[in-house]
Structures are given as C-alpha cells and as structure tokens.
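**Q** Requesting a structural model of the entry that follows:
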Amino acid sequence: MSEPIEPPWSAEQVQALAPDASSLAAARKLAGGSGWSTTGTGGTPAGLWGLCKGSGSTPYQICVDLTEPAYKCSCPSRKFPCKHALALLLRWSTGNVAAAEPPQFMTEWTTSRGNRAARKAEAATAPRTEAQEKAAQRRAAKRAESVAAGVAELRTWLSDQVRHGVAGLDQAGYRPFEQVAARLVDAQAPGLAAAVRRLAPVPSSGPGWEQRLLAELSLLHLLAAAAADPEPLPEELAVTVRSRTGQQVAAEQVLAGPRVRDRWQVVGSRDELDDKLNSRRVWLRGRDTGRAALVLSFAAPGQALPVDLVLGTELDADLAFYPGAAPLRALVADRHGPPRACPDPGPAQTVAQALDEICAALAADPWLFSWPLLLSGALAPGRPWHLVDAAGDALPLDPAFGEPWRLAAVAGGRPVTLAAEWGPAGLRPLAVYADAEVVLA
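**A** Numbering: from 1, shown residues only. Take a look at the predicted model:
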C-alpha cells in the first residue's frame, strides 16, 4: 500500500474540477450523506475508491487515480468527473477518507489503465511504413499549397483595409472579419483565422479603437508576410510562424524531442467555450527553473475537458515543449509520482521582473497575446484596478475581467501572490494565494 497523498487537495481545488454547477451542488450533498458503505485511499498508483448507494440495489463503484488524476464510476452519468467522484474527493479533502488496502475493483481498474498506457506508448513509437510516409508527404504538400493561397488572399485584404481606411468598420459589425476568417479556415490556416476573429471586437471597444485596430492589422500583416516566405527566417522563428498559421507539430514528434524536468506548479487555468470547440488553458510554472508552460486541451461541445492538472498542486514531471522562438506550449511527458498540494507557490515576481520577461517573450514571438505571471502585490481599486508591488510599480487588470471584489476580500488589503494571464488589455487574474490557500479568481 502506497503512502496517502498529504495534505489532501482543498475543497476549492476539488470544486475547480466540477464540469458544471449542478454536479458540484449534487456532490456537496452526497459528500456529507450516509450513502457511503466503503471509502479508502492508498495503492500504487495512489488513489481513492468508494462505494456509494445509488438508485439500484448495487452501490456505485467510484475510482480516482490521484496521479493523473483520472476517474471512473459505474453510474450512468456522462459528466466527467461525475457527482460521485466529486463527492469522494470532497470527503477526502475534509479528512474523511482513511488509508486502506485497495479493493479488487480498484486494482482491476488501475491495472487496465496501466496496460492501455503501455500499448499506447508502444504504438506511438512504432515507425511509419513507407506507404504511410508517402501519404503524409502528399497531405503536407497539399496543405502547404492551400495555406499559401489563403495567405495571399489575406495579404490582399489587409492592403485593402489600409487603402480604403478603417473609419467605417465600427458600423460594419463582425461580418467582414468573419467572412475572411471563414475563407482562411477553408484554406487550412486556422491560426490566421483566429487572429482575424480577434480583430472583430476592436472597432466597438471604445475611444481610440482606430489606433488599436491599426496596430493589430500591422502585426497580422507582419505574420502574413513571414508566412508567405518563411525560408529566410531563422529556423525557430520559421517554426513559430508556421504554428501561428495553424500548422502544428505532431504530439509524437514533440514527445520525441528534449524534455525539461522540474517541479511544475499548476498556477492557473481558464476555459474558452464556444459552439464549435471548447478549450482549456492550464498554466504551469517551474519551481526550480522559473519557466512558464501552457498545456492546452480541447473538447467538442457537450464533451468533458481533461481535468488531469489540478489548480494549486505541484507535480514532478518531464515536459516536452513545442518548438518555436519562445517555447511555451508543452505536453506532460512523464510524471514522477503523484501531484502534491502546493498552497505556497514560492517566490513571485515584481512588476519590473514581469515586464522584463514579457518583453523578452515578445521580442522572440511578437504575436503572443497571453503569458502567465506569478506576481506579488496588493490590489488597488480604480478604473481599471491595478496590482501594485512593494516598489510602487503597477500593472492594470483587464477591464473585461470585471470588478475583482472576491479577490480583494481574500487579500483584505494585504499583499498577495496573484497568478494571472497577461494580455495587451492587462492582467486577467486566475488565482490568489493567501494564508496557505489558493482561491480561484
């Protein structure tokens, strides 16, 4: 029997895993109920298990692998994790789950998971056949031709905006941008399409929108010009340009490259939901290297996003970074043990240090629109609010975030450690670390 994970995750961390508010409400009710006949924690890998009374005669079997984490429940719910798994985690967070020897249903599940992972790793390392390689080359050539046509059309559109002027775009709505973005999607350049869609709200963003739009059009023109002829660029910058158009390196290729081992802290996450594709952005920061990392995951509407990285935990792991001029996106390659609660994120940055880091990143990749920061300072009200550090330097909060009264209440006027996502409009708070606790923004 393995040692239980100490300390358990907090209730706030468990709440962050809930797929929706109704699941969380139901889990809270179940956690304190009397329907539990068995619960326990331990095993290898470290996990939780329980039997909870359901609507039938047989209790539901709930399994949680804490090293990923991963979840399984015999209930018919399609939510992930379901209310029973959340309830078990909530019981664990309050110290109501004791160490024990895993039952057979837990052992069978963890063994099955281990076997599947081994088969998947074997398949990932299997070499391509000659026919598969030729087919991949044909697909790549066809896509490159399509992207080149899309880039040429985008450059023409950008020239037209400058030639005709942008004064009327505040009356045109989103349609002109959406039309261009749709054609770029057809041209297999989703990265460029996303960049055009980000322009759509600018004309309605208030006074000074013309200057902001021209600045964004200039950056997009720079990207389109680089995408049209990437050969003269340094290799790392050329890779960045290709990724910005939407051409991603295969995960297998990333995992086959160099890896960075560290104690990676899960400092924040943010979901972006729309009617076509949901995404989750999880920000990590290396405790020893101070390096930032972004783990992206995607799911179709109605499907659950992965919840394998828990806010406020720290994992000893190897990360494989996607290549580029300012490598940021990464994959978790190998984990060395279960995650640990991390109520103290360690040394935070001053505003000056944060600005130096952002400047270095932008110098390498001028098309960055977000960067994770771990800042120390006090929240100061205003229009907009600011984070002010001990030296009196300040960074504004993104007005789109709204009034951060909840975070201000947690801070109580004292300096705190703020995990935030930097963007051109300011900081978007993700979490606050105060009094050995992590509180969601």
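
**Q** neighbours of residue 233, just the number please.
**A** When neighbours are counted by other CB atoms under 10 Å, residue 233 registers 15. Every C-beta, even on glycine, is put in place using the N, C-alpha and C of the backbone.

**Q** would you say it is within a helix?
**A** No - under DSSP: H, G, I helix; E, B strand; the rest coil, residue 233 falls outside any helix and is assigned coil.

**Q** what pLDDT does the nearest residue to residue 167 once chain neighbours are set aside get?
**A** Residue nearest to residue 167 in three dimensions, not counting chain neighbours: residue 210, with 7.3 Å by CB to CB, 6 or more residues apart in numbering. At residue 210, the pLDDT value in this model is 91.

**Q** Surely residue 210 is in a helix?
**A** Yes - Residue 210: assigned to a helix according to three-state DSSP.

**Q** right, and it touches residue 166 too?
**A** Yes - the criterion here is CB atoms under 8 Å, and residue 210 meets it with residue 166 at 5.9 Å.

**Q** on that earlier part again, can you tell me how far the residue nearest to residue 167 is from residue 278?
**A** Distance of residue 210 to residue 278, computed by CB to CB, to the nearest Å: 33 Å.

**Q** higher neighbour count, the two?
**A** residue 278 (18 against 15).

**Q** With adjacent residues omitted, what lies nearest to that one?
**A** In space, and not counting its chain neighbours, residue 278 is closest to residue 299: 5.0 Å by CB to CB, 6+ apart.

**Q** Pull the number of nearby residues for the one you found.
**A** Using other CB under 10 Å, residue 299 has 16 other residues around it.

**Q** what does residue 219 give?
**A** 14.

**Q** If you count contacts, what does the helix or strand harbouring it end up packed against?
**A** Using DSSP states H and E, residue 219 falls within helix 209-228. Packing partners of helix 209-228 (3 or more CB pairs under 8 Å, 6 or more residues apart in numbering; DSSP states H and E): helix 130-164, helix 190-199, helix 235-245.

**Q** would a markdown table of these with distance to residue 402 be doable?
**A** Converted to a markdown table, the helices and strands packed on helix 209-228 look like this (distance: least, CB to CB, whole Å):
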| stretch | distance to residue 402 |
| --- | --- |
| helix 130-164 | 32 |
| helix 190-199 | 20 |
| helix 235-245 | 30 |
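
**Q** how about these in CSV, adding mean pLDDT, mean neighbour count and distance to residue 31?
**A** As requested, the helices and strands packed on helix 209-228 are arranged in CSV below (pLDDT from 0 to 100; neighbours: other CB atoms under 10 Å; distance: least, CB to CB, whole Å):
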stretch, mean pLDDT, mean neighbour count, distance to residue 31
helix 130-164, 89, 14, 49
helix 190-199, 92, 20, 40
helix 235-245, 92, 20, 43
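
**Q** who wins for proximity to residue 440 among those?
**A** helix 190-199 (25.5 Å; CB to CB).

**Q** Can you report how many residues lie near residue 173?
**A** 12.

**Q** Repeat that for residue 367.
**A** When counting by other CB under 10 Å, one arrives at 18 neighbours for residue 367.

**Q** residues contacting it?
**A** Applying CB atoms under 8 Å, 6 or more residues apart in numbering, we find residue 367 in contact with 195, 219, 223, 240, 244.

**Q** wait, the third one sits on residue 243?
**A** No - using CB under 8 Å, residue 223 and residue 243 do not qualify as a contacting pair, with a distance of 10.9 Å.

**Q** what about dumping the CA coordinates of the helix holding residue 219 to PDB?
**A** Taking Å, rounded to 0.1, in the frame of the first residue of the first chain, the C-alpha atoms of helix 209-228 are listed here in PDB:
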ATOM      1  CA  TRP A 209     -10.200  51.900 -31.400                       C
ATOM      2  CA  GLU A 210      -8.700  53.100 -34.700                       C
ATOM      3  CA  GLN A 211      -5.100  53.100 -33.300                       C
ATOM      4  CA  ARG A 212      -5.600  49.700 -31.700                       C
ATOM      5  CA  LEU A 213      -7.000  48.200 -34.800                       C
ATOM      6  CA  LEU A 214      -4.200  49.500 -37.000                       C
ATOM      7  CA  ALA A 215      -1.600  48.100 -34.500                       C
ATOM      8  CA  GLU A 216      -3.300  44.700 -34.700                       C
ATOM      9  CA  LEU A 217      -3.500  44.900 -38.500                       C
ATOM     10  CA  SER A 218       0.200  45.700 -38.600                       C
ATOM     11  CA  LEU A 219       1.100  42.600 -36.600                       C
ATOM     12  CA  LEU A 220      -1.200  40.500 -38.800                       C
ATOM     13  CA  HIS A 221       0.500  41.900 -41.900                       C
ATOM     14  CA  LEU A 222       3.900  41.000 -40.500                       C
ATOM     15  CA  LEU A 223       2.700  37.500 -39.800                       C
ATOM     16  CA  ALA A 224       1.200  37.100 -43.300                       C
ATOM     17  CA  ALA A 225       4.400  38.400 -44.900                       C
ATOM     18  CA  ALA A 226       6.500  36.000 -42.900                       C
ATOM     19  CA  ALA A 227       4.100  33.100 -43.700                       C
ATOM     20  CA  ALA A 228       4.300  33.900 -47.400                       C
END
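
**Q** which stretches of the chain aren't confidently modelled?
**A** By pLDDT under 70, the low-scoring segments of the chain are 1-7, 124-125, 274-275, 302.

**Q** Show me the helices in it, by range?
**A** Under the criterion DSSP state H, helices of the chain are mapped to 11-15, 21-31, 83-93, 104-125, 130-164, 169-172, 175-186, 190-199, 209-228, 235-245, 251-255, 351-364, 405-411.

**Q** Since that was my last question, I'll sign off now.
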